[in-house]
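Visitor: Any chance you could fold what I've pasted below:
(one chain, ligands or ions: 1)
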Amino acid sequence: MNPPLTIRPATVRDVPAIDRLITFYAQRGIMLFRSHAELYESLREFMVADNAGTVVGVGAMEIVWADLAEVRSLAVDPAHQGKGIGRRLVEALEADARRLEVQRLFTLTYEQTFFEKLGFSVVDKSALPTKVWSACVKCPKRHGCDEIAMVRTLLDAPAIAEPPADAHADLHYDVPTPLVQVNVRSRGSTLRPRAACDKACGSAGRS
Ligand SMILES: CC(C)(COP(=O)(O)OP(=O)(O)OC[C@H]1O[C@@H](n2cnc3c(N)ncnc32)[C@H](O)[C@@H]1OP(=O)(O)O)[C@@H](O)C(=O)NCCC(=O)NCCS
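Guide: All right, here's what the predicted structure looks like:
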């Protein structure tokens, strides 16, 4: 008898299979490509559906802010769709979000009915904080996004006192001019980084 399909956290060995699934849908304009570097870096966000040693589904939960996380890169092998694997992946990601006491999950998707069945509701995209859109710079549809924003509130997660993710959207950080100049001048010179920093930051330096 075949071992049952399991949903488990991804390991480094799963990256080629995760890449294949995401690339399959990215080539069809349904999701964003993710490089191997990005996949290794964010591997702890991923769950996989393991069918007797073969990865047939993936999904990730990325924390955006104190009260918000995104379900992303959700993909089930076309040969295995309609068997409850997508549902099990989202439920596993949701359990992880609850463990981390995240209050709300959101997704940007074309699969409205699927996510509605899992308790998500359509919201206006403007209801999502600005920080959510940082990944969109890599999306070919960034100037005409037609994805649907959907949110699910995890009611049993307690609220914590934190400013919303876009509370400082109007703030920006300027690299101090002296540091930029020293870095440019020190290129190819014998200045070591610490010396460059001391020079740029004054005698106090930075620890
Ligand atoms: C969306 C996707 C993950 C669903 O995975 P799946 O394993 O086929 O879904 P499940 O079998 O778990 O379905 C769960 C429920 O949603 C329903 N459902 C799934 N896909 C549906 C669709 N396209 N339209 C309507 N209902 C759908 C199922 O009928 C099932 O309903 P039930 O519980 O009443 O029986 C899968 O189709 C996929 O990989 N799509 C391409 C990538 C994609 O769009 N990902 C989402 C990006 S965020």
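Visitor: mind exporting the biggest helix by length in the chain as PDB, just the C-alpha atoms?
Guide: Ordering each helix of the chain by length in residues (DSSP state H) puts helix 85-99 first. Backbone C-alpha positions of helix 85-99 (Å, rounded to 0.1, in the frame of the first residue of the first chain) are rendered in PDB as follows:
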ATOM      1  CA  ILE A  85      -4.300  19.100  -1.600                       C
ATOM      2  CA  GLY A  86      -4.700  22.900  -2.000                       C
ATOM      3  CA  ARG A  87      -7.000  23.000   1.000                       C
ATOM      4  CA  ARG A  88      -4.700  21.000   3.100                       C
ATOM      5  CA  LEU A  89      -1.700  23.200   2.200                       C
ATOM      6  CA  VAL A  90      -3.600  26.400   3.100                       C
ATOM      7  CA  GLU A  91      -4.800  24.800   6.400                       C
ATOM      8  CA  ALA A  92      -1.200  23.900   7.300                       C
ATOM      9  CA  LEU A  93      -0.100  27.500   6.500                       C
ATOM     10  CA  GLU A  94      -3.000  28.800   8.500                       C
ATOM     11  CA  ALA A  95      -2.000  26.600  11.500                       C
ATOM     12  CA  ASP A  96       1.500  28.000  11.200                       C
ATOM     13  CA  ALA A  97       0.100  31.600  11.200                       C
ATOM     14  CA  ARG A  98      -1.900  30.800  14.300                       C
ATOM     15  CA  ARG A  99       1.200  29.400  16.000                       C
END
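Visitor: could you list every residue that touches Ala92?
Guide: Ile7, Met47, Gly59 (Cβ atoms under 8 Å, 6 or more residues apart in numbering). C-beta here means a position set from N, CA and C on the backbone, and glycine is covered the same way.
Visitor: can you do 10 Å?
Guide: Thr6, Ile7, Arg8, Pro9, Met47, Val48, Ala49, Gly59, Met61 (Cβ atoms under 10 Å, 6 or more residues apart in numbering).
Visitor: Can you give me the pLDDT of it?
Guide: If you check Ala92, the pLDDT there is 98.
Visitor: how much space between it and the ligand?
Guide: Distance of Ala92 to the ligand, given as Cβ to the nearest ligand atom, to the nearest Å: 12 Å.
Visitor: Would you mind listing what in this protein touches the ligand?
Guide: Residues of the chain found near the ligand (Cβ under 6 Å from any ligand atom) are 25, 30-31, 74-76, 81-87, 107, 109-111, 113-114, 117.
Visitor: residue contacts, the residue in the chain positioned nearest to the ligand?
Guide: The chain approaches the ligand most closely through Gly86 (2.3 Å), counting by Cβ to the nearest ligand atom. By Cβ under 10 Å, 6+ apart, Gly86 lies in contact with Ala49, Gly57, Gly59, Leu74, Ala75, Val76, His80, Glu111, Phe114, Phe115, Lys117, Leu118.
Visitor: hmm, try it at 6 Å
Guide: Gly86 sits next to Val76 when contact means Cβ atoms under 6 Å, 6 or more residues apart in numbering.
Visitor: Mind pulling up the pLDDT for it?
Guide: In this model, Gly86 carries a pLDDT of 98.
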